[in-house]
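A.B. asks: Sequence first, then the predicted structure, then my questions.
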Amino acid sequence: MKIKRFSGPDMRSVMAEIRTSFGPSAVILETGRGAGGIEVTAAMDFDPAAYQPPAPRRRIDCRDEDLPEAPPADAAADGGELASMREEMRSIRCLLEAQLARLSWDQQVRRYPEATGIVRNLTRLGLAPATVERLLRAADVAKARDPWTASLKQLVTTLAACDSDLALDGGLYAVVGPTGAGKTTSIAKLAARALAHGLDGQVALISMDGYRVGAEAQLAAFGELLGVPVHRAPDAEALAETLAGLADKRLVLIDTAGMGQRDLRLVRQARQLRDSGHPIELLLALPANLQTPAMQEIVDVYRTAEPLAGILTKIDEAASLGGAFSVLIDASLPLAYVANGQRVPEDLHLARARQAWLVKAAVELIPRSGPPVSEDYLAEHFAEVANDACA
């Protein structure tokens, strides 16, 4: 064990020096202020049994006459200095919390190596910390014969899917989602799926996408290829009139305009669907190849419209699937279908028959997910999780 005192003008520079000298596993023993500014005592290869904390400093008993006169009010520290002191105190607090979390995590690694290993692997799937904790508790890994398999089975169970095949059940469905989510292709796949199961002459398509260049032409090309009529409805009035004329169709699929999740025109589009006077259900096309925060934002925006289910698209382009899993689980949004390619309809699959396949695909993507998860990240988010799950 090696102990050294470091000093510098602020906490950030002192911590940089500690990491350079002792590495990321350095343990902070003491912090304080000295003549040189901030002083921090740190240890490398820390051994609690061998460490003896220094004796407390002797208290000096000063009489009132020994104390210096109070400075005048105008000599008090200005707001900038107070703000700097608060920032230093905040940094010290964050540092201590991080050190305590790391010590707790390291203790769990030694005490529950299998459980902490599962936490590490679930995190490498791309799952959010809250999802990992939920799975670990529900899987009851302390009693499982094969904890890793138990946690994956729990993920399969937690990932909700629709009980029925919506395309075959029929109805009015509008596929919504951001630009490039694969809405038009998904509609073509749904229509082809219905035709393949004997719904000839009972399927119709409607285009509401008047924003994207070539959107209506793309849907018309799919309609011609499949032998399905395609109608245009640029506004709520036209949509209501078109739907009234398609009352004899068993399945009507509506292609909506692709917009960014922050586009204010989304409100107008949702109003058009609502004002049509027909019971239109929404299917949210969610691209699996997006970053988790972007997927979360998309789901949060469309959640107010209460989509019936989701279609997870672009699985074949995703580097990780855990983020999509966490977003769907957190939103309690069931999956209706999953899509892993451009072929119509071969690359559209019923979600309820592919839950285990999805989890297997996520595991197979772990080697592509980048470097291993850092121990500091695990300590920050899972300091007590393994201990609670195995208690």
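C.D. replies: Yep, that arrived. Since we're looking at a predicted model, the values are computed, not measured. Residues are numbered from 1 along each chain as shown.

A.B. asks: Could you pull out the helices in the stretch 151-300 of the chain for me?
C.D. replies: 166-169, 183-196, 215-226, 236-245, 265-274, 292-303 (DSSP state H, counting those that start in this stretch).

A.B. asks: On the C-terminal side of the last one, identify the next helix or strand.
C.D. replies: Tracing the chain past helix 292-303, the next element assigned as helix or strand by DSSP states H and E is strand 309-313.

A.B. asks: before we move on, the earlier item: take the helices of the stretch 151-300 of the chain and write them to a markdown table, including mean neighbour count and mean pLDDT.
C.D. replies: Quick note: C-beta positions are derived from backbone N, CA and C, even for glycine. A markdown table is the format used below for these (neighbours: other CB atoms under 10 Å; pLDDT from 0 to 100):
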| stretch | mean neighbour count | mean pLDDT |
| --- | --- | --- |
| helix 166-169 | 19 | 94 |
| helix 183-196 | 24 | 94 |
| helix 215-226 | 17 | 87 |
| helix 236-245 | 16 | 89 |
| helix 265-274 | 16 | 73 |
| helix 292-303 | 18 | 91 |
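
A.B. asks: I'd like those written out as JSON lines, with distance to Ser104 added.
C.D. replies: Below are the helices of the stretch 151-300 of the chain laid out as JSON lines (distance: least, CB to CB, whole Å):
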{"stretch": "helix 166-169", "distance to Ser104": "47"}
{"stretch": "helix 183-196", "distance to Ser104": "46"}
{"stretch": "helix 215-226", "distance to Ser104": "54"}
{"stretch": "helix 236-245", "distance to Ser104": "57"}
{"stretch": "helix 265-274", "distance to Ser104": "44"}
{"stretch": "helix 292-303", "distance to Ser104": "26"}
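
A.B. asks: Out of those, flag the one nearest Leu135.
C.D. replies: helix 292-303 (16.4 Å; CB to CB).

A.B. asks: ok, and what's touching the closest one?
C.D. replies: Outside helix 292-303, the residues within contact range by CB atoms under 8 Å, 6 or more residues apart in numbering are 126, 128, 176-178, 261-262, 266, 282, 284, 286-287, 290, 323-324, 326-328, 330-331, 333.

A.B. asks: do the same with stretch 37-45
C.D. replies: Contacts for stretch 37-45 (CB under 8 Å, 6+ apart): 1-11, 14-15, 18, 21-23, 25-33, 51, 88.

A.B. asks: out of those, which are inside helices?
C.D. replies: Met11, Val14, Met15, Ile18, Ser21, Phe22, Glu88 (DSSP state H).

A.B. asks: Domain boundaries for the protein, per the record?
C.D. replies: Using automatic domain parsing, the domain parsing of the chain gives 1-50, 111-139+370-390, 166-367.

A.B. asks: and the ones you listed as CSV, adding distance to Leu82?
C.D. replies: Shown next, in CSV, are the domains of the chain (distance: least, CB to CB, whole Å):
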stretch, distance to Leu82
domain 1-50, 15
domain 111-139+370-390, 29
domain 166-367, 35
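
A.B. asks: residues contacting Leu205?
C.D. replies: 187, 191, 219, 222-223, 228-231, 252-255.

A.B. asks: For the protein, give me the ranges with low pLDDT.
C.D. replies: Within the chain, the ranges that satisfy pLDDT under 70 run 24, 36, 46, 48-80, 210-215, 260-261, 263-265, 267, 385-391.

A.B. asks: repeat that with 50
C.D. replies: The model of the chain has pLDDT under 50 over residues 57-67, 75.

A.B. asks: before we move on, the earlier item: out of the helices of the stretch 151-300 of the chain, which is closest to Gln342?
C.D. replies: It is, among the helices of the stretch 151-300 of the chain and with distance given as CB to CB, helix 183-196, at 6.4 Å.

A.B. asks: where's Asp146 relative to Lys153, distance?
C.D. replies: 9 Å (CB to CB, to the nearest Å).

A.B. asks: Neighbour count: those two, which is higher?
C.D. replies: Legend: neighbour count by other CB atoms under 10 Å for Asp146 and Lys153, higher for Lys153 (16 against 11).

A.B. asks: my guess is Arg368 contacts Ala319, does it?
C.D. replies: Yes: look at Arg368 against Ala319 with CB atoms under 8 Å: they come within range, at 5.4 Å.

A.B. asks: These two: which is more packed in?
C.D. replies: Ranked by neighbour count (other CB under 10 Å), Arg368 and Ala319 place Ala319 first, with 13 against 9.

A.B. asks: can you confirm the more buried one is in a strand?
C.D. replies: No: Ala319 is assigned coil when assessed by DSSP: H, G, I helix; E, B strand; the rest coil, not a strand.

A.B. asks: how about it, phi and psi?
C.D. replies: Ala319 has phi and psi values of phi -90, psi -20 when expressed as degrees, to the nearest 10.

A.B. asks: any idea how far Pro367 is from it?
C.D. replies: From Ala319 to Pro367 the distance is 10 Å (CB to CB).
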